[in-house]
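> Fold the following for me, if possible:
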Amino acid sequence: MLGVRASMSAQVIAFLADHAVPYPSLDETAGHFCMSSRTLRRVLQGEGHSYQQVFDLVRMEAARHLLKSSELSVQQITERLGYADPSNFVRAFRRHHGHTPHQYRNLQL
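Residues are numbered from 1 along each chain as shown. Coordinates of the predicted model:
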């Protein structure tokens, strides 16, 4: 399939998912794609997403994976994903998944 490119959102998700904490900043991510941060934001907005939404999606997927496949505590996962404190992580996880991290781990969703 010549000429077919993944959406910028998908490319940014893949780029961020390939990096560990600390995740690359918006400027570093934009630089990787040879564009300014403003241009990256505009391109993502044109696809119906914001950089923060894409970034949060990557962290939530990493959190889900860690909860399912490891015995790390919520505190350890919080630190590994770069959240300021566990309460911020728990709120974000509940908003995204509809369950707290503990509920998610216990339900094995």
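
> just the helices in the chain please.
Using DSSP state H, the helices of the chain run over 8-17, 26-32, 37-46, 51-69, 74-81, 86-97, 101-107.

> Now do the helix or strand of the chain with the lowest mean pLDDT: distance to the chain's middle.
When each helix and strand of the chain is scored by mean pLDDT, DSSP states H and E, helix 101-107 comes last, with a mean of 92. Offset of helix 101-107 from its chain centre (C-alpha atoms, centre = their mean, to the nearest Å): 19 Å.

> possible to save the helices of the chain as a markdown table with mean neighbour count?
The C-beta positions use only the backbone N, C-alpha and C, and glycine is treated the same way. What follows is those, written out as a markdown table (neighbours: other C-beta atoms under 10 Å):
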| stretch | mean neighbour count |
| --- | --- |
| helix 8-17 | 17 |
| helix 26-32 | 16 |
| helix 37-46 | 15 |
| helix 51-69 | 16 |
| helix 74-81 | 17 |
| helix 86-97 | 16 |
| helix 101-107 | 15 |
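
> Quick check: closest non-adjacent residue to the residue positioned nearest the centre of the chain.
In the chain, the centroid-proximal residue (C-alpha atoms, centre = their mean) is Val58; its distance is 2.0 Å. Among residues not flanking Val58 along the chain, Leu16 sits closest, at 4.4 Å (C-beta to C-beta, 6 or more residues apart in numbering).

> Show me the shaky parts of this protein.
Where the chain drops to pLDDT under 70, the residues are 1-5, 108-109.

> do you know how far the nearest residue to Val12 once chain neighbours are set aside is from Ser87?
Leaving aside its chain neighbours, Val12 sits nearest to Val54 (5.1 Å; criterion: C-beta to C-beta, 6+ apart). Relative to Ser87, Val54 is positioned 23 Å away (C-beta to C-beta, to the nearest Å).

> if we can go back for a sec, these two touch, right, the residue nearest to Val12 and Ile13?
Yes. The pair Val54 and Ile13 qualifies as a contact (C-beta atoms under 8 Å) at a distance of 5.9 Å.
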